[in-house]
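Peer 1: Give the three-dimensional model of this entry:
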Amino acid sequence: MARMRKKSDLPQKTCLTCKRPFTWRKKWEKVWEDVRYCSDRCRDTRKSEGAPRRT
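Peer 2: Below you'll find the model as predicted:
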């Protein structure tokens, strides 16, 4: 069996909406480069504000 990784060892990004850090999840394994928001709520909030701002 594979060894477990500590959560602190996983990659992190900062959410474009709430500016909070979020950690890699198994379900994002194949699309990690495209993930920009920590949750559906942040993604939906960004869409309702208009076009996404690039920083």
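Peer 1: so where's the chain uncertain?
Peer 2: 1-2, 50-55 (pLDDT under 70).
Peer 1: Endpoints of stretch 6-23, how far apart?
Peer 2: 11 Å (Cα to Cα, to the nearest Å).
Peer 1: Correction: the previous question concerned stretch 19-33.
Peer 2: 17 Å.
Peer 1: Can you name the residues that contact residue 20?
Peer 2: 14, 38 (Cβ atoms under 8 Å, 6 or more residues apart in numbering). (Glycine included, C-beta is placed from N, CA and C.)
Peer 1: Relative to residue 3, how far out is it?
Peer 2: 28 Å (Cβ to Cβ, to the nearest Å).
Peer 1: Tell me where this structure has strands.
Peer 2: Secondary structure of the chain by DSSP state E: the strands cover 12-14, 21-23.
Peer 1: now these as a markdown table including mean neighbour count and distance to residue 35?
Peer 2: Formatted as a markdown table, those follow (neighbours: other Cβ atoms under 10 Å; distance: least, Cβ to Cβ, whole Å):
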| stretch | mean neighbour count | distance to residue 35 |
| --- | --- | --- |
| strand 12-14 | 13 | 7 |
| strand 21-23 | 13 | 8 |
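Peer 1: Redo the ones you listed as a markdown table? Include distance to residue 49.
Peer 2: Converted to a markdown table, these look like this (distance: least, Cβ to Cβ, whole Å):
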| stretch | distance to residue 49 |
| --- | --- |
| strand 12-14 | 17 |
| strand 21-23 | 19 |
